[in-house]
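Asks: kindly generate the corresponding structure for this input.
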Amino acid sequence: MVSVDGSVFIQIVNFLFLIWVLNLVLYRPIRNIIRQRQEKEDGLKQSIEALSEAAREKDEAFANGIREARVRGLKQKEALLAEAETEEKRIIAEINEKAQAELAAVREKLAAEVAGVRAQLEQELDAFADAIGQKILGRTV
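Replies: You can find the predicted model right below:
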């Protein structure tokens, strides 16, 4: 049989003292470390969220910049194409004018040569007619 005497109270006091000492030496520092770790983790989570949001914003800004650059590039391309088309038309018109001038010069030169050849043939026509007549008739005309 177990008898309850004064040693039970000493054991209870000893147990409470041991819990108090363990709390001071062991449990409180561990809880502080766990609390600090939790605060650090919360701070890192907030930093991650802030940086993620900043990255999303920068990504959107980059995408918007790309879109705007493409639009500006397209407008510049269209302007350059319009300018090139105008230049092409001017060059074609210039070449056409030169070709027309050269064609007119060639026609004038050809007309002058035709006139010269015609005049020469008209001068020689009588001689040819006489020669043909002599050959056909067999005598001088």
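
Asks: going forward, measure contacts between C-alpha atoms and count neighbours the same way
Replies: Noted.

Asks: off-centre distance for stretch 73-80?
Replies: Taking C-alpha atoms, centre = their mean, to the nearest Å, one finds the center of stretch 73-80 at 12 Å from the center of the full chain.

Asks: same question for stretch 79-97.
Replies: 26 Å.

Asks: mean confidence score for that stretch?
Replies: Here stretch 79-97 scores 95 as its mean pLDDT.

Asks: now do stretch 27-34
Replies: Stretch 27-34 shows a mean pLDDT of 94.

Asks: run through who's touching it.
Replies: Residues outside stretch 27-34 that contact it (C-alpha atoms under 8 Å, 6 or more residues apart in numbering): none are found.

Asks: quick one: name whatever helix or strand follows the helix or strand containing Ile12.
Replies: Secondary structure from DSSP states H and E places Ile12 in helix 6-22. Remark: after helix 6-22, the chain's next helix or strand is helix 28-137, criterion DSSP H and E.

Asks: returning to what we had before: and the helix holding Ile12, what's buried?
Replies: By 16 or more other C-alpha atoms under 10 Å, helix 6-22 has no buried positions at all.

Asks: output it as PDB, nothing but the C-alphas.
Replies: Listed next in PDB are the C-alpha coordinates belonging to helix 6-22 (Å, rounded to 0.1, in the frame of the first residue of the first chain):
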ATOM      1  CA  GLY A   6       5.300  14.900   3.200                       C
ATOM      2  CA  SER A   7       7.500  13.600   0.400                       C
ATOM      3  CA  VAL A   8       4.600  13.800  -2.000                       C
ATOM      4  CA  PHE A   9       4.400  17.600  -1.500                       C
ATOM      5  CA  ILE A  10       8.200  17.800  -2.000                       C
ATOM      6  CA  GLN A  11       7.800  15.900  -5.200                       C
ATOM      7  CA  ILE A  12       5.000  18.200  -6.400                       C
ATOM      8  CA  VAL A  13       7.200  21.300  -5.600                       C
ATOM      9  CA  ASN A  14      10.200  19.600  -7.300                       C
ATOM     10  CA  PHE A  15       8.000  18.900 -10.400                       C
ATOM     11  CA  LEU A  16       6.700  22.400 -10.500                       C
ATOM     12  CA  PHE A  17      10.300  23.800 -10.100                       C
ATOM     13  CA  LEU A  18      11.500  21.500 -12.900                       C
ATOM     14  CA  ILE A  19       8.800  22.700 -15.200                       C
ATOM     15  CA  TRP A  20       9.600  26.300 -14.400                       C
ATOM     16  CA  VAL A  21      13.400  25.700 -15.000                       C
ATOM     17  CA  LEU A  22      12.700  23.800 -18.300                       C
END
